[in-house]
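Engineer: Would you be able to build a 3D model of this:
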Amino acid sequence: MNRRRFLTAAGAAFFAGLAEAQNAVEVMRFSALQPGAPLPDWLQPYVFPNQPRHTQFSLVDEGGSTVLAVRANASSSGLLRRVRIDPRLHPILSWRWKVVNLPVKGDLASKAGDDYAARIYLTFDLDPATLSLGDRLKLSLARTIWGDQLPAAALCYVWDGHAPADTIAPNAYTDRVRMVVADSGAAGLKRWVARERDVAADFRRAFGFEPPHISGVIISADTDNTGESVESYFGDIELRSRRTF
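Structural biologist: Residues are numbered from 1 along each chain as shown. Next up is the predicted model:
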């Protein structure tokens with residue numbers, strides 16, 4: 001390759017990489033933080049009503065990179081980052097996680113088994129006034145259990161112990177939250193797994209219409225129903241545009 005062709009190829013690669021970076025929204029960049037440091041202000045506690053025990057979160061070093069360690073012991077809570085992201089422009093949710101163990105009694109279909117070692121919620125800015133009367137009543141009932149912060153629509157990506165990967169199903173407590181099984185079973189435990197999901201496509205499958213803006217991202221682990229203990233880790237999370245090359 002002559003010098004001019006080399007510089008042209010190098011320039012094209014540089015600008016392609018720059019365009020890709022510009023087309024990504026960093027939602028939770030734990031790798032930019034220090035192990036052992038307090039959690040940043042942009043992460044807010046997300047606590048459900050009547051839950052006396054809260055999941056523990058901390059920044060730790062894993063292989064030279066800072067990640068979020070999550071430990072639940074008969075507990076339930078999460079960390080929320082409020083955002084406003086258009087899933088038409090940034091539909092691809094990208095993350096990596098490592099799950100050490102799964103709730104033995106976890107069951108996607110039952111309230112008693114509604115526990116997970118790793119969850120990523122996306123909440124959507126859906127106006128409840130646009131729902132049918134029946135759906136508004138369901139939402140009102142669900143909010144008496146989950147609290148007023150329960151969104152009118154949410155996707156919850158989980159690592160489940162039994163349901164097949166790519167399963168999409170209503171949450172056992174409320175169909176305003178749709179569960180999306182991103183990983184399943186014990187085969188991938190104790191190692192880092194990278195995942196990508198098309199949020200816009202998942203929302204259409206789950207709810208049957210185009211998604212509104214994403215209003216928040218929540219990471220969580222919970223074992224309040226099963227009373228078990230689990231451990232997991234989260235790496236960086238971002239939303240980006242679809243690749244065109």
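Engineer: what's residue 102 in contact with, if anything?
Structural biologist: 117, 159-161, 186, 189, 230 (CB atoms under 8 Å, 6 or more residues apart in numbering). Just so you know, the C-beta spots here come from the backbone N, C-alpha and C atoms, and that holds for glycine as well.
Engineer: Checking it next. Helix, strand or coil?
Structural biologist: Following DSSP: H, G, I helix; E, B strand; the rest coil, we place residue 102 in the coil state.
Engineer: Then residue 155?
Structural biologist: Per three-state DSSP, residue 155 ends up strand.
Engineer: Pull up the gap between it and residue 223, please.
Structural biologist: Distance from residue 155 to residue 223, counting by CB to CB, to the nearest Å: 21 Å.
Engineer: Next: residue 89.
Structural biologist: Counting by CB to CB, the gap from residue 89 to residue 223 is 36 Å.
Engineer: what's the answer for residue 53, then?
Structural biologist: As judged by CB to CB, residue 53 and residue 223 stand 9 Å apart.
Engineer: So which of those two has more stuff around it?
Structural biologist: Taking neighbours as other CB atoms under 10 Å, residue 53 and residue 223 compare with residue 223 leading, 23 against 15.
Engineer: Might one say that the more buried one is in contact with residue 77?
Structural biologist: No - Residue 223 lies out of contact with residue 77 (CB atoms under 8 Å); the separation is 11.2 Å.
Engineer: Buried members of the contacts of residue 102 into PyMOL, please.
Structural biologist: Buried residues within the contacts of residue 102, by 16 or more other CB atoms under 10 Å, are selected in PyMOL with:
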select buried, resi 117+159+160+161+189+230
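Engineer: In the chain, what helix or strand scores lowest on average pLDDT?
Structural biologist: Lowest mean confidence among the helices and strands of the chain (mean pLDDT, DSSP states H and E): helix 3-22, at a mean of 44.
Engineer: Tell me the helix or strand right after it.
Structural biologist: Counting by DSSP states H and E, the next helix or strand C-terminal to helix 3-22 is strand 24-28.
Engineer: Starting from that following strand, tell me which strands it pairs with and how they run.
Structural biologist: Note on strand 24-28: by DSSP bridges, its sheet partners are strand 229-240 (antiparallel).
Engineer: Show me where the chain has its strands.
Structural biologist: Assignment of strands within the chain using DSSP state E yields the ranges 24-28, 44-46, 56-62, 65-73, 76-85, 92-99, 116-124, 154-160, 168-170, 177-184, 193-198, 214-222, 229-240.
Engineer: about what we covered before: hey, what's in contact with both of residue 53 and residue 223?
Structural biologist: 73-76.
Engineer: picking up where we left off before, please convert the contacts of residue 102 to TSV, extending it with pLDDT and distance to residue 30.
Structural biologist: Output for the contacts of residue 102, formatted as TSV (pLDDT from 0 to 100; distance: CB to CB, whole Å):
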residue	pLDDT	distance to residue 30
117	97	17
159	98	18
160	97	23
161	94	25
186	95	25
189	98	21
230	98	19
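Engineer: With respect to residue 209, which of the contacts of residue 102 is nearest?
Structural biologist: residue 160 (25.5 Å; CB to CB).
Engineer: Provide a list of residues in contact with the closest one.
Structural biologist: Contacts of residue 160 (CB under 8 Å, 6+ apart): 102, 106, 108, 116, 167, 179, 181, 183-184.
Engineer: Just the buried residues of these.
Structural biologist: 102, 106, 108, 116, 179, 181, 183-184.
Engineer: Just flag the most distant two among the residues you listed.
Structural biologist: Longest span within the buried ones among the contacts of residue 160, CB to CB: 102 and 179, 14.7 Å.
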